[in-house]
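Undergrad: give me coordinates for this.
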Amino acid sequence: MDITVRAFGGLGLLLSLARLCAQSSGPELKVEVHTYNYSGVSADVLTRAEQAAGRIYRRVGVEMEWRHCARTAEELALNETCELPGTATRLTLRLLSNAMAQKFHRDSNVCGLALVREDGGFGEEAYVFADRARELALDEELQSVILGHFIAHELGHLLLNDTGHPALSGIMHVPWQKQELQQAKQGGLLFLPWQSEKIRAQVIARGLAVGQPSAQTTTWEQLNASGSELHSKGHYADAERAFRGALEKAEEAADPRRIARSLNDLAVVLRARGDFAHAEEMYRLAVSIWEALPEPANLAAGLGNLASLYSEEAQYDRAEPLSRRALEIQLQISGPGDPNVASQLDTLGDIQFGLGHYADAESTLRKALAVQERALSPNDRQLTDTLIGLGSVCSALARFREAERFYRRAISIRKTALGDQHPDTARALNQLALLYFLERQYGKAEQLWTVVIHSLDAALGPEHPEISAVLNNLGAAYLNESRFSEAETQLRRALSICEKSLGPDHHCAAASLGHLAVIRRKEHQYGEAESLFRRALGIDEKALGRERAEVFTILSNLGVTYYFDGRYQDAEPIFLRALKIGEQSLGPAHPDVVNTLADYSALLRKLNRKGEARKIEVRVRDLRAASARDNPASLEVDWRDLRRPAH
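TA: Okay, here's the model as predicted:
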């Protein structure tokens, strides 16, 4: 049996791209709502309804301040606040009984109405037919939830400056059926991302119209909102300038809450631009401020962001305790069903995946997805990180069909929400390309990676570490098509970018060095190949740990190098160590582990231990047959493979 000549890279030497949707800190934009209760709703139900509506707007980034207003002269003597006239940032909400609602001649399924100005001005008054919430509810708790969503919906018309219902999902979608009511009960009936952006912009414009808050505060809000919008569109350089301006304004005002918010937001965009050192500094400063205030919700978000950054840098021993603390804080704040809990679970799952704990990672990410699917709409962008994480776990475990389903769902959501050219869409496409590579569909992988490089280059610049990762992957595809010159060009560029941006001891350097080693081996330059493999091995053992799947990949290929060089005695301990690590980290049925087992059987034949070799060969055939049954998609052949020269 001959040694297996196979793709190098597999699980360990191909690179995923970062998950960059760091959590934002709490809202700063505010709207005052004066509530007149002309219905039979109790004060307790109304208060809880306002809390439910407030949570919805807090997800948008707007804080609602509620004022219960007098309806009689006696009540007015106790509360004069509502005598102030309505303004662009002071809205009037009137809760009406069914008898009063009938005067508006609306259908029975209508929950209220908002007086949106047709002249382009700012609407200030909304009505909610409160009795209809009671009719839909089975108890007071559900009544307050439904009423809160009615309130958020009608105020949404004012803040969107639109009476229509164009959305196909979310809180502004009508009519509400059983599915929407269930989402409301679970806290998942929310504004869509584009609606949230429009509401924030409207609140800023309303503040400017009335001269509130102060000019300095408004400038901070404008800069912050502008930075958030630019970041969401992938315009990172412009977003950084906006966030730096916001930080400067916050520091001039000596406002610790806004300083922390600006530091966190600036760290997010610095990380996106590949400036990890300064991103870490900003995150740590923000966390220290939130620790001192204290602000537990923002602290949880900041700790999660810092943990995610450390995970991306493969500093898992620093990342995991921060992630677990962030999750614990978030659970104490919101309980287990909140989407912010899912975000923290995402981060923990990424860390577990990075540590090679695939079963733990899958369990964690499935918990996150379950929370999101109960609380969010099916096309919410927050689902995509979890879907990609699950796709990565399934891919690592050679469950390719499952992986592709997860990836395609994530890509579809991101394309719809962000467009084809957004860097987050490119990151999802990179994962699908990795899957095609593992299935040896190199032509498909190359096409996707070319698209990914174009998108990331436009958004991040040619020297960003994510460009390095994709170049490494593209070089691996060329390598496996025996296009050695093209492969080396891409890999050398990838290595240069990696060493400049992340340092010479980062895993991305080991990945490119490993692929370059394969080129030297195919050129029969075994000494140079060994040197490059050992350099890569030293980097990964130090950066990731000695028992990782990435280490297994390098050892397997080092063993193959010794085999081709005729160094059979040197190859055996390398193969045995590789198999021990691979079976523990990936499982004995993983295709890469099976390939290494086949290589070891070929080595045993060279060592005249044919009885041992035959037993292993039977095991290899059985494992490959089982894999073929479980993953028929992996048997697809790229037409370009038919033209590859035999080795």
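Undergrad: got the phi and psi for the most centrally placed residue in the chain?
TA: Central residue of the chain (C-alpha atoms, centre = their mean): residue 385, 3.4 Å from the mean position. Backbone torsions for residue 385, taken as degrees, to the nearest 10, come to phi -60, psi -40.
Undergrad: that one and residue 346 touch, don't they?
TA: Yes. With contacts counted by C-beta atoms under 8 Å, residue 385 reaches residue 346, the gap being 5.1 Å. In short, each C-beta sits where N, CA and C put it, glycine included.
Undergrad: which residues in the stretch 501-647 of the chain form strands?
TA: For the stretch 501-647 of the chain, no strands are identified by DSSP state E, counting those that start in this stretch.
Undergrad: now do stretch 432-443: distance from first to last residue.
TA: 13 Å (C-alpha to C-alpha, to the nearest Å).
Undergrad: actually stretch 127-143, sorry about that
TA: Counting by C-alpha to C-alpha, the terminal residues of stretch 127-143 are separated by 17 Å.
Undergrad: mind checking how far it is from the chain centre?
TA: Chain-centre distance of stretch 127-143: 36 Å, with C-alpha atoms, centre = their mean, to the nearest Å.
Undergrad: and the contacts of it?
TA: 37, 39-42, 44-45, 48-49, 93-98, 101, 104, 106, 108, 110-114, 145-147, 150-151, 154, 181, 185 (C-beta atoms under 8 Å, 6 or more residues apart in numbering).
Undergrad: quick check: buried residues in it?
TA: For stretch 127-143, the neighbour count (16 or more other C-beta atoms under 10 Å) marks 127-134, 136-137, 142-143 as buried.
Undergrad: so which of the residues you listed sit within helices?
TA: The helices, defined by DSSP state H, take in 131-134, 136, 142-143 from these.
Undergrad: so which pair among these is furthest apart in space?
TA: 131 and 142 (14.5 Å; C-beta to C-beta).
Undergrad: which of the three states applies to residue 66?
TA: Judged by DSSP: H, G, I helix; E, B strand; the rest coil, the three-state class of residue 66 is strand.
Undergrad: report the beta-bridge partners for it.
TA: Beta-bridge partners recorded for residue 66 (DSSP bridges): residue 33.
Undergrad: quick check, it in contact with residue 48.
TA: No. Assessed by C-beta under 8 Å, residue 66 is found out of contact with residue 48, at 11.5 Å.
Undergrad: returning to what we had before: and which of the buried residues of stretch 127-143 is nearest residue 260?
TA: Checking the buried residues of stretch 127-143 one by one against residue 260 (C-beta to C-beta), the nearest turns out to be residue 128, at 35.5 Å.
Undergrad: what number of residues lie near the residue nearest to that closest one when sequence neighbours are not counted?
TA: Leaving aside its chain neighbours, residue 128 sits nearest to residue 112 (4.0 Å; criterion: C-beta to C-beta, 6 or more residues apart in numbering). Per other C-beta atoms under 10 Å, the neighbour tally for residue 112 reads 24.
Undergrad: please apply the same query to the one 3 residues further on.
TA: Applying the criterion other C-beta under 10 Å, we find 15 residues in the vicinity of residue 115.
Undergrad: and what of residue 392?
TA: Look at residue 392: counted by other C-beta under 10 Å, it has 25 neighbours.
Undergrad: doesn't it belong to a helix?
TA: Yes. Under three-state DSSP, residue 392 falls within a helix.
Undergrad: and the pLDDT for it?
TA: Per-residue confidence (pLDDT) for residue 392: 93.
Undergrad: distance of it relative to residue 432?
TA: Separation of residue 392 from residue 432 (C-beta to C-beta, to the nearest Å): 11 Å.
Undergrad: likewise for residue 96?
TA: 52 Å.
Undergrad: repeat for residue 261
TA: Taken as C-beta to C-beta, the span from residue 261 to residue 432 is 35 Å.
Undergrad: SS state for residue 482?
TA: coil.
Undergrad: could I get the phi/psi values of the residue nearest to residue 128?
TA: Dihedral angles (degrees, to the nearest 10) for residue 112: phi 170, psi -170.
Undergrad: confidence score at it?
TA: For residue 112, the predicted pLDDT is 87.
Undergrad: what comes up buried for stretch 112-124?
TA: So stretch 112-124, judged by 16+ other C-beta under 10 Å, has buried residues 112-114, 116, 122-124.
Undergrad: of the residues you listed, which is the nearest to residue 315?
TA: For the buried residues of stretch 112-124, the nearest to residue 315 is residue 122 (48.4 Å; C-beta to C-beta).
Undergrad: so which strand or helix has that closest one?
TA: Under DSSP states H and E, no helix or strand contains residue 122.
Undergrad: isn't it right next to residue 206, touching?
TA: Yes. Using C-beta under 8 Å, residue 122 is in contact with residue 206, at 5.5 Å.
Undergrad: on that earlier part again, quick one: residues contacting the residue nearest to residue 128.
TA: So residue 112 contacts 96, 126-129, 150, 153-154 (C-beta under 8 Å, 6+ apart).
Undergrad: widest-spaced pair of those residues?
TA: Longest span within those, C-beta to C-beta: 96 and 153, 14.8 Å.
Undergrad: which one's more surrounded, the two?
TA: Shown here are residue 96 and residue 153; by other C-beta under 10 Å, residue 153 has more neighbours (25 against 22).
Undergrad: nearest residue to the more buried one other than its sequence neighbours?
TA: Residue 153 sits nearest to residue 171 (C-beta to C-beta, 6+ apart), 5.6 Å away.
Undergrad: next: residue 246.
TA: Closest to residue 246 by C-beta to C-beta, 6+ apart is residue 223, at 3.9 Å.
Undergrad: neighbours of the one you found, just the number please.
TA: Other residues close to residue 223 by other C-beta under 10 Å number 22.
Undergrad: other SSEs contacting the helix or strand containing it?
TA: Using DSSP H and E, residue 223 sits within helix 215-232. Packing contacts for helix 215-232, counted by 3 or more C-beta pairs under 8 Å, 6 or more residues apart in numbering; DSSP states H and E, involve helix 193-210, helix 236-252, helix 256-272.
Undergrad: residue 454 is nearest to which of those?
TA: Of those, nearest to residue 454 by C-beta to C-beta is helix 236-252, at 16.2 Å.
Undergrad: any buried residues in the closest one, and which?
TA: For helix 236-252, by 16+ other C-beta under 10 Å, it's 236, 239-247, 249-250.
Undergrad: just to revisit the earlier point, which one's more surrounded, residue 261 and residue 432?
TA: residue 261 (28 against 23).
Undergrad: about what we covered before: using PDB, write out every CA atom in the helix holding residue 223.
TA: C-alpha atoms of helix 215-232 as PDB (Å, rounded to 0.1, in the frame of the first residue of the first chain):
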ATOM      1  CA  ALA A 215     -24.600  71.000  21.400                       C
ATOM      2  CA  GLN A 216     -21.700  69.100  22.800                       C
ATOM      3  CA  THR A 217     -23.900  66.100  23.700                       C
ATOM      4  CA  THR A 218     -25.600  66.100  20.300                       C
ATOM      5  CA  THR A 219     -22.200  66.100  18.700                       C
ATOM      6  CA  TRP A 220     -21.200  63.100  20.700                       C
ATOM      7  CA  GLU A 221     -24.400  61.300  19.800                       C
ATOM      8  CA  GLN A 222     -24.000  62.200  16.100                       C
ATOM      9  CA  LEU A 223     -20.400  61.000  16.000                       C
ATOM     10  CA  ASN A 224     -21.300  57.800  17.800                       C
ATOM     11  CA  ALA A 225     -24.400  57.100  15.600                       C
ATOM     12  CA  SER A 226     -22.300  57.800  12.500                       C
ATOM     13  CA  GLY A 227     -19.500  55.500  13.600                       C
ATOM     14  CA  SER A 228     -22.000  52.700  14.300                       C
ATOM     15  CA  GLU A 229     -23.700  53.100  10.900                       C
ATOM     16  CA  LEU A 230     -20.300  53.200   9.100                       C
ATOM     17  CA  HIS A 231     -19.100  50.100  10.900                       C
ATOM     18  CA  SER A 232     -22.300  48.200  10.100                       C
END
